[in-house]
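Peer 1: Quick one: sequence and predicted model below, then my questions.
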Amino acid sequence: MTTIKVQWPDGRSTVETIGQDWLKAARLAGIQIPTGCLGGSCGACEIDVNGAVVRACISTVPGSKSGQLMVDYATDPHW
């Protein structure tokens, strides 16, 4: 089981398992990510992960060469 450090939008950091569902990781960290369809089509759950916009409902925590991920709410979410 490989882990990675995640810095959340509120400035807190947690250690998460690579491959874990983003929504579950956020919930366990106490972070609320808005959701809509939960199927990837509405875009309500978009987050910015190291500069790339992903839809949290259909994405998992990726690995990173730096060993950490910076997460922020998408600046222009689809919704």
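Peer 2: Perfect, I can see it now. Numbers count the residues shown, from 1 in each chain.
Peer 1: which ones are touching the residue nearest the centre of the chain?
Peer 2: Nearest to the mean C-alpha position of the chain, counting by Cα atoms, centre = their mean, stands W22 at 4.6 Å. Contact analysis of W22 by Cβ atoms under 8 Å, 6 or more residues apart in numbering lists I33, C45, I47, V54, A56, C57, S59, T60, V61. From N, CA and C alone the C-beta is placed, and that goes for glycine too.
Peer 1: D10 too?
Peer 2: Contacts of D10 (Cβ under 8 Å, 6+ apart): I31.
Peer 1: Can you give me the pLDDT of it?
Peer 2: On the pLDDT scale, D10 is placed at 94.
Peer 1: Same question for the one 5 residues further on.
Peer 2: Residue-level confidence at V15 comes out at 97, pLDDT.
Peer 1: So which bits of the host helix or strand of it are buried?
Peer 2: Assigned by DSSP states H and E, V15 belongs to strand 13-17. Within strand 13-17, the residues scored as buried using 16 or more other Cβ atoms under 10 Å are T14, E16.
Peer 1: again with stretch 22-39
Peer 2: Taking 16+ other Cβ under 10 Å as the criterion, stretch 22-39 shows W22, L23, A25, A26, A29, I31, I33, G36 as buried.
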